[in-house]
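*Asks:* structure here, sequence nowhere to be found:
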């Protein structure tokens, strides 16, 4: 609800299958969305779909912690992206 209060569009998903359908719909042949935020708990189950956007400039798929807290996927994805861009891990552990 916080994102909605900021004026962002939100697409709640009850399960990974619904999240997968929403992700495909948002990324299907359009450039309407530059950034897509996905909670880590759903992203964990959609990793193969999210990986399609790893080397593309848009949309940027950003993993964020859910209500339960972080499971480390967002940090791991950020570190991996920086390492690919720079050629080495400059962020440390």
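*Replies:* Nice, thanks for sending it over. Source: prediction; values computed, not measured.
*Asks:* pLDDT wise, what is residue 93 at?
*Replies:* Looking at residue 93, its pLDDT stands at 65.
*Asks:* quick one, longest helix in this structure?
*Replies:* When the chain is parsed with DSSP state H, its longest helix is helix 73-86.
*Asks:* report how many residues lie close to the closest residue to residue 63 other than its chain neighbours.
*Replies:* Nearest residue to residue 63, sequence neighbours excluded (Cβ to Cβ, 6 or more residues apart in numbering): residue 74, at 3.8 Å. For glycine as for every other residue, the C-beta is placed from the backbone atoms N, C-alpha and C. By other Cβ atoms under 10 Å, 18 other residues sit near residue 74.
*Asks:* got a list of what residue 74 touches?
*Replies:* 40, 62-65 (Cβ atoms under 8 Å, 6 or more residues apart in numbering).
*Asks:* most neighbours among these, which one?
*Replies:* Neighbour-wise, the contacts of residue 74 (other Cβ under 10 Å) top out at residue 63, 24 neighbours.
*Asks:* is it true that that one touches residue 73?
*Replies:* Yes. Applying Cβ atoms under 8 Å, one finds residue 63 in contact with residue 73, separated by 5.0 Å.
*Asks:* overlap of the contact sets of those two?
*Replies:* Jointly contacting residue 63 and residue 73 under the rule Cβ under 8 Å, 6+ apart are 40, 43.
*Asks:* and residue 36, what helix or strand is that in?
*Replies:* strand 35-39 (DSSP states H and E).
*Asks:* now that strand: how far from the chain's centre is it?
*Replies:* 4 Å (Cα atoms, centre = their mean, to the nearest Å).
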